[in-house]
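Asks: below are the sequence and a predicted model for it; my questions follow.
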Amino acid sequence: MEGKTFLKLIQENDDQRISKNIFLNLLKDCKIYSRMTPENKKTLVSLLRDSFDITVGMCGDGANDCAALKEANVGLSLSDAEASIAAPFTTKVFEIKTFVRLLAEGRCALVTSFQCFKWMAM
């Protein structure tokens, strides 16, 4: 879905020309979003996070991604520029597969924390 289409859907939903249910189903079923403004990216991330109660991950490589990176539950900056300051996580390996590694490391940290608490409780 392109940014213009996303903006049109937002307007249609605000004007109540389409039902909230149809609007949310379109957001959920769409897999790729492109050519969006920084404000549209932030709106999309917050809609996905709040409407479906899911964890939203966002990768960005520029200043136009800063707002969405801050809004996402897991924000990964693939840049040394301004976006790296806004994102909770930054990498010097500029590949999308880095996000999978980030999730694996986060899961390992969670397991380690639980094991430490179990050990302290004993």
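Replies: Looks like it arrived, so ask away.

Asks: could you use CA atoms for every contact and neighbour count after this?
Replies: Fine.

Asks: against which helices or strands is the least confident helix or strand in the chain by mean pLDDT packed?
Replies: Least confident element among the helices and strands of the chain, by mean pLDDT, DSSP states H and E: helix 83-86 (a mean of 72). On a contact count with 3 or more C-alpha pairs under 8 Å, 6 or more residues apart in numbering; DSSP states H and E, helix 83-86 meets helix 66-71.

Asks: hang on, the earlier thing: give me the contacts around whichever helix or strand comes after the least confident helix or strand of the chain.
Replies: Counting by DSSP states H and E, the next helix or strand C-terminal to helix 83-86 is strand 89-90. By C-alpha atoms under 8 Å, 6 or more residues apart in numbering, the list of residues contacting strand 89-90 from outside reads 74-79, 84.

Asks: quick one: the helices in this structure?
Replies: Read by DSSP state H, the chain holds these helices, from start to end of the chain: 3-14, 20-29, 38-52, 66-71, 83-86, 98-121.

Asks: show me what Gly60 bridges to in the sheet.
Replies: Applying DSSP bridges to Gly60 yields these beta-bridge partners: Ser77.

Asks: pretty sure it sits against Leu76.
Replies: Yes: between Gly60 and Leu76 a contact is recorded at 6.5 Å, counting by C-alpha atoms under 8 Å.

Asks: on that earlier part again, how about the contacts of strand 89-90, which pair is most distant?
Replies: Val74 and Ser79 (15.5 Å; C-alpha to C-alpha).

Asks: hang on, the earlier thing: settle it for me: which of Gly60 and Leu76 has more neighbours?
Replies: More crowded of Gly60 and Leu76, by other C-alpha atoms under 10 Å: Leu76, with 26 against 20.

Asks: retrieve the pLDDT associated with Ala72.
Replies: Per-residue confidence at Ala72 stands at 91 (pLDDT).

Asks: these two touch, right, it and Met58?
Replies: Yes: shown here, Ala72 and Met58 form a contact pair, counting by C-alpha under 8 Å, at 6.1 Å.

Asks: if we can go back for a sec, and the helices of the chain, which one is worst for confidence?
Replies: With a mean of 72, helix 83-86 has the lowest mean pLDDT of the helices of the chain.

Asks: thank you kindly, that will do.
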